[in-house]
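> Pasting a predicted model and its sequence here:
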Amino acid sequence: MAGRLLSIGECMVELRQAGGDLLRKGFAGDTFNTAYYARLFLPADWSVDYFTAVGTDPISDELLAFAEGHGVGTGRIVRIEGRSPGLYMIHLKDGERSFSYWRSASAARLLARDGDRLRAAIEASDVIAFSGITLAILPAEDVETLLSELRRAKASGKLVAFDPNIRPRLWDSAERMRATISDGARAASLVMPGFDDEVTHFGDASIDATIDRYRMLGTANIVLKDGGNGITLAFGDERTHVPSAKVETIVDTTSAGDSFNGAFLARLATGADPQPAARFAAEVAAAVIQHHGALVPRHKLP
Ligand SMILES: O=C(O)C(=O)C[C@H](O)[C@H](O)CO
């Protein structure tokens, strides 16, 4: 059955090392990466749209062309005169990535300013994805605009998927970060956290503790990603474990969680059970981390 997926957040210009002093330019951002991978694995009768704000400058034009070139719709994207996309650089150390950001005045920070536009995009969609980064970049009043629309979507039975994707540097206080991430989970019907982050920032003592905490917030379904240790699925009353897929050499972990999310949502939205969907998504994520950058071409994936 045909459907529409909407992913909401920030896509940035991505810079990564290309040998010597050279940097290679790309475009990426957690929710954009999720849209990219969802598009790769959804059937053609599904549409995938990205919701963000960009500027009216040439790099914003390039960003839109890049998204369209990968089948990600840009018709809902807001354009804001005088702003530009944010920028980030990937640093690699033994395959593990860290990021530098130049994004504090990015256009995407204004993505939820126009509540009517946001509502129209959400109402037109069946599956909506957002993340803790989406929430982190918004002014407080716009967080509420976004979350109230997502709560409406959840109440109407849509699949609202939230990856907490915790980035402490994007928040001015740890307390506000935890409170807003929890509000994000309340607005979602599916939460897809990374266990490491949850231990570090919420102090969870075990997988069960993380699942119980999100359950208490009213999230029916949880997909807890724990890197090489696999995935725990909590759907309804059932908790099951799916092993991670085999990886020869980790090259760059950027987008491991995002690619998992995109592939998982693509399968779940088209009727797969959570277990096979997670098994497939784990294979995709395993392939992604054996290549550089956030967006790995289709022919290098399962
Ligand atoms: O930090 C962000 O906002 C990013 O989205 C950067 C990366 O693309 C993303 O986090 C990879 O998971």
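Okay, I see it.

> Up against the ligand, what does the stretch 1-150 of the chain have?
10, 28-30, 33, 88, 99, 133 (Cβ under 6 Å from any ligand atom). Bear in mind the C-beta positions are built from the backbone N, C-alpha and C, glycine included.

> Quick check: which of these has the minimum pLDDT.
Confidence by pLDDT is poorest for F99 among these, given 91.

> Which element, helix or strand, includes that residue?
strand 96-102 (DSSP states H and E).

> residues making contact with that strand?
12, 86-91, 169-170, 250, 252-254 (Cβ atoms under 8 Å, 6 or more residues apart in numbering).

> per-residue confidence at D208?
At D208, pLDDT is 97.

> hmm, I was thinking of A266
A266 is given a pLDDT of 98.

> and if you look at H91?
pLDDT at H91 comes out at 89.

> tell me which element it falls in.
strand 87-93.

> same check, this time on D197
helix 195-202.

> helices or strands next to that helix in the packing?
helix 174-186, helix 207-216, strand 221-225 (3 or more Cβ pairs under 8 Å, 6 or more residues apart in numbering; DSSP states H and E).

> Would you mind listing the buried residues in it?
195, 197-199, 201-202 (16 or more other Cβ atoms under 10 Å).

> Which of those sits closest to D61?
Within these, proximity to D61 (Cβ to Cβ) peaks at D197, which comes in at 34.1 Å.

> State the distance from the closest one to P168.
Computed as Cβ to Cβ, to the nearest Å, the D197 to P168 distance reads 9 Å.

> what's the distance between stretch 34-41 and the middle of its chain?
11 Å (Cα atoms, centre = their mean, to the nearest Å).

> helix/strand/coil for the closest residue to the ligand within the stretch 101-250 of the chain?
The nearest approach of the stretch 101-250 of the chain to the ligand comes at I133, 4.4 Å away (Cβ to the nearest ligand atom). Following DSSP: H, G, I helix; E, B strand; the rest coil, I133 is assigned to helix.

> quick one, what contacts it?
I133 neighbours (Cβ under 8 Å, 6+ apart): 9-10, 29-31, 165, 167, 170.

> Which one (most neighbours) among those?
G29 (32 neighbours; other Cβ atoms under 10 Å).

> got the CA positions of stretch 219-231 in PDB?
Extracted in PDB, the C-alpha atoms of stretch 219-231 (Å, rounded to 0.1, in the frame of the first residue of the first chain):
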ATOM      1  CA  THR A 219       5.900   5.000  24.100                       C
ATOM      2  CA  ALA A 220       4.400   1.800  23.000                       C
ATOM      3  CA  ASN A 221       7.400   0.500  20.900                       C
ATOM      4  CA  ILE A 222      11.100   0.800  21.400                       C
ATOM      5  CA  VAL A 223      14.000  -0.300  19.300                       C
ATOM      6  CA  LEU A 224      17.200   0.000  21.400                       C
ATOM      7  CA  LYS A 225      20.400   0.000  19.400                       C
ATOM      8  CA  ASP A 226      23.500  -1.200  21.200                       C
ATOM      9  CA  GLY A 227      26.200  -1.300  18.500                       C
ATOM     10  CA  GLY A 228      28.000  -4.600  18.200                       C
ATOM     11  CA  ASN A 229      25.900  -6.000  21.000                       C
ATOM     12  CA  GLY A 230      22.800  -6.000  18.800                       C
ATOM     13  CA  ILE A 231      19.300  -4.600  19.100                       C
END
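
> what does it contact?
By Cβ under 8 Å, 6+ apart, stretch 219-231 touches 162, 185-186, 188-196, 198, 207, 210-211, 214-215, 232-236, 241-244, 247, 256-257, 260, 264, 274, 278, 281-282.
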